[in-house]
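> Have a look at this prediction, sequence included:
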Amino acid sequence: MWKKVYEWLDERLGLNDLYKNILDHPEPKGTWWNTLGSAALFLFILQGVTGIFLMVYYTPSPDHAYDSINYIMNGVAFGWLIRGIHHWGATLMIIVVFIHMLRVFVTASFKYPRELTWLVGVGLFILTLGMGFTGYLLPWDQQSYWATTVGTQIAGSVRFIGDFILKALRGGPDLSALTLQRFFAAHVWMLPAALAGLIGVHLYLIIKHGESHFPSKED
Ligand code: HEM
């Protein structure tokens, strides 16, 4: 019965071809260091899932942001746990992505034919930092308010275009409801969408070129 269902679907969707192209490859000759990319992918998905739960209660307005986080921590069942996982997951993801990047650099895996995998990775690194930067403001407490004030000021110190960057980030000359709204939009839609797209390209390139490995005697 299941075989027939599978054959029916396979004829229409090409499941066998998909399996052969994506999953049916020789086992990579990697070490534990080669698991960091998958760990980063796992953390990205974890952040997405916990973030969706947090969004059920979080309100991105200066009047309600702090209180909504307070409610998540003290009023919602397991809210503290979901927020805790999201908070520490963010830190861990930045660390894991950074060590993954170092591993790729040390093993020189950015060389031909993986130059594009590396370049896409640089984009992923910047976007991951962007997720941290935009997420930090969302609790709208003293710490996040002043950290973002300083962070946007640093971005604003770039020569010639600094003023434009500062106003674009803040939605005006100062931190306001507009800043919180656009940081929220960037944190839950723009940056995750860009990350998901680039991760797709990254994984395609990894499947296409296979994992690099140090040459052994047989090579
Ligand atoms: C969200 C962030 C990222 C995710 C989810 C991700 C995911 C992955 C995965 C699953 C692999 C295959 C397993 C492995 O070698 O660890 C990989 C390999 C690779 N990644 Fe990433 N990566 C990310 C960030 C980066 C960054 C920041 C760079 C460099 C700037 C980078 C460059 C590469 C390269 C060149 C490879 C191929 C390595 C090889 O063949 O040995 N990645 N990545």
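Great, that's in hand. It should be emphasised that the depicted structure is a prediction, and the values quoted were computed from it without experimental measurement.
> interface residues of the chain facing the ligand?
34, 36-38, 40-41, 44, 97, 100-101, 104, 109-110, 114, 117-118, 121-122, 124-125, 128, 199, 202, 206, 211-212 (Cβ under 6 Å from any ligand atom). The way it works is simple: take the backbone N, C-alpha and C, and place the C-beta from them, glycine included.
> Show me what the biggest helix by length in the chain is packed against.
Counting residues, the longest helix in the chain under DSSP state H turns out to be helix 79-106. If contacts are counted by 3 or more Cβ pairs under 8 Å, 6 or more residues apart in numbering; DSSP states H and E, helix 79-106 sits against helix 36-55, helix 65-74, helix 115-137.
> Would you convert the ones you listed into TSV that also reports mean neighbour count and mean pLDDT?
Formatted as TSV, those follow (neighbours: other Cβ atoms under 10 Å; pLDDT from 0 to 100):
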stretch	mean neighbour count	mean pLDDT
helix 36-55	17	98
helix 65-74	16	98
helix 115-137	18	98
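> okay, those helices in a markdown table with distance to residue 168 next?
Listed next are those as a markdown table, based on distance: least, Cβ to Cβ, whole Å:
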| stretch | distance to residue 168 |
| --- | --- |
| helix 36-55 | 24 |
| helix 65-74 | 21 |
| helix 115-137 | 13 |
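> Can you tell me what sits against the lowest-mean-pLDDT helix or strand in the chain?
Within the chain, no helix or strand scores below helix 15-22, which has a mean of 93 by mean pLDDT, DSSP states H and E. Helix 15-22 is contacted by residues 6, 9-10, 207 when judged by Cβ atoms under 8 Å, 6 or more residues apart in numbering.
> Among the residues you listed, which ones are in helices?
Those of the contacts of helix 15-22 lying in helices (DSSP H): 6, 9-10, 207.
> Which among those residues count as buried?
Using 16 or more other Cβ atoms under 10 Å as the burial test, these include no buried residue.
> now the residues you listed in a markdown table, with pLDDT?
A markdown table is the format used below for the ones in helices among the contacts of helix 15-22 (pLDDT from 0 to 100):
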| residue | pLDDT |
| --- | --- |
| 6 | 96 |
| 9 | 97 |
| 10 | 96 |
| 207 | 94 |
